[in-house]
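Novice: Okay, predicted coordinates and the sequence, questions at the end:
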Amino acid sequence: MRFFERCRGYVEGVENNRTALMEVEKFKHGEEMEGVRRRVAERLGLPPQRLTPDLLEAAFFLCSYELSIKSVHSPWCFLFDEDDAKVLEYQSDLKQYWKRSHGHVITGLSSCPLFHHVFRTLDKAGRPRRSTDALPEPASILIGHAETLLPLLSLLGLYKDKTPPTAANYNSQHGRSFRTSRIVPYAANLLLVLYDCQRGPRLQMLINESPVRFPGLKEDAPLYREVRATYRHLLDGCDFYRECEGRPSRGPNTEL
């Protein structure tokens with residue numbers, strides 16, 4: 001569940017690479033954040049240069065944490081208006097996009113071990129069995145963090161907007177689907193439900209208890225074989241050792 005710590009390509013190429021989050025750094029010192037700094041400084045009666053982007057982010061997190069955890073309108077929230085909050089939310093999304101999601105291909109590929117585990121579990125549950133065979137386990141439950149879930153969702157092709165968020169396109173990103181406050185809130189979850197149907201097993205995906213369609217498929221619960229066909233390129237590849245370490249593959253997932 002902490003595959004990203006063992007993926008050398010991710011650790012060296014993203015986690016420890018100062019240029020990997022260049023878009024975030026540009027935005028921190030850009031026009032939109034400068035506007036937030038100026039307005040907050042005015043409310044506090046301070047010179048703007050006393051407020052750094054990191055201090056503004058910390059104040060915004062205090063506001064959001066107290067609101068979400070304690071359900072109170074924190075005094076920290078009075079520092080910001082709605083436009084300020086949207087800018088700071090975008091900065092947070094920008095960081096997660098370029099660090100934990102679609103910004104770098106290796107981030108999604110680092111979740112290959114979890115991806116294959118999920119499909120091996122589904123393969124086993126959906127395999128035809130005789131009446132004398134034991135029933136499959138009713139559920140497989142894995143527990144991790146947002147750092148676990150975001151790369152897997154990215155690998156599955158979810159929440160990938162046509163135009164990636166950058167430091168320069170804030171004004172065109174208001175309708176973006178990549179919003180981490182909705183994708184990975186507290187107690188975020190990914191649920192895959194396999195149904196035993198007449199034409200064969202069907203698979204439904206729910207994210208935070210809401211149905212989400214697999215990319216390119218038009219049904220909420222498509223045939224499982226159609227889902228496998230959609231991800232065939234990953235089932236036959238997505239090898240952790242090759243993608244993360246540059247080492248020879250251990251072979252594809254050949255089940256079903």
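Specialist: That came through fine.
Novice: list the contacts for the most centrally placed residue in the chain?
Specialist: Per Cα atoms, centre = their mean, the C-alpha nearest to the average position across the chain is that of Leu150, at 2.2 Å. When contacts are counted by Cβ atoms under 8 Å, 6 or more residues apart in numbering, Leu150 touches 96, 100-101, 180, 183-184. (C-beta placed from N, C-alpha, C; glycine too.)
Novice: of those residues, closest to Val193?
Specialist: Distance to Val193 across these (Cβ to Cβ) is lowest for Ile183, with 19.2 Å.
Novice: What is the neighbour count of Phe78?
Specialist: 10 (other Cβ atoms under 10 Å).
Novice: Can you tell me the closest non-neighbouring residue to it?
Specialist: In this structure, Phe78 finds its nearest non-sequential neighbour in Arg43, 7.6 Å apart by Cβ to Cβ, 6 or more residues apart in numbering.
Novice: element containing the one you found, please.
Specialist: helix 31-44 (DSSP states H and E).
Novice: Quick check, pLDDT for the residue nearest to Phe78.
Specialist: On the pLDDT scale, Arg43 is placed at 95.
Novice: With Ala167 instead?
Specialist: For Ala167, pLDDT reads 97.
Novice: So it is in contact with Gly30, correct?
Specialist: Yes. Counting by Cβ atoms under 8 Å, Ala167 touches Gly30, with 5.5 Å between them.
Novice: Do me a favour and average the pLDDT over stretch 151-161.
Specialist: On average, stretch 151-161 scores 97.
Novice: that older thread, helices - which of the contacts of Leu150 land there?
Specialist: 96, 100, 180, 183 (DSSP state H).
Novice: how much space between the first one and Arg120?
Specialist: Pointing back at Gln96 there. From Gln96 across to Arg120, the span is 28 Å (Cβ to Cβ, to the nearest Å).
Novice: again with the third one
Specialist: Here the distance between Thr180 and Arg120 works out to 28 Å (Cβ to Cβ).
Novice: chain center to the helix or strand containing the residue nearest to the centre of the chain: distance?
Specialist: Using DSSP H and E, the element containing Leu150 is helix 146-155. Counting by Cα atoms, centre = their mean, to the nearest Å, helix 146-155 is centred 4 Å from the centre of its parent chain.
Novice: likewise stretch 73-91?
Specialist: The answer for stretch 73-91 is 23 Å, by Cα atoms, centre = their mean.
Novice: end to end, how far does it reach?
Specialist: 22 Å (Cα to Cα, to the nearest Å).
Novice: ok, residues contacting that stretch?
Specialist: Counting by Cβ under 8 Å, 6+ apart, 24, 27-28, 32-33, 35-36, 39-40, 43-44, 53, 56-57, 59-60, 62-63, 66-67, 165, 170, 173-174, 179, 181 sit against stretch 73-91.
Novice: From the residues you listed, keep the buried residues only.
Specialist: Buried members of the contacts of stretch 73-91, scored by 16 or more other Cβ atoms under 10 Å, are 24, 27-28, 32-33, 36, 39-40, 53, 56-57, 59-60, 63, 66, 165, 170, 173, 179.
Novice: For the residue nearest to Leu67 when sequence neighbours are not counted, give its distance to Ala167.
Specialist: In this structure, Leu67 finds its nearest non-sequential neighbour in Ser74, 6.0 Å apart by Cβ to Cβ, 6+ apart. With distances taken as Cβ to Cβ, Ser74 is found 28 Å from Ala167.
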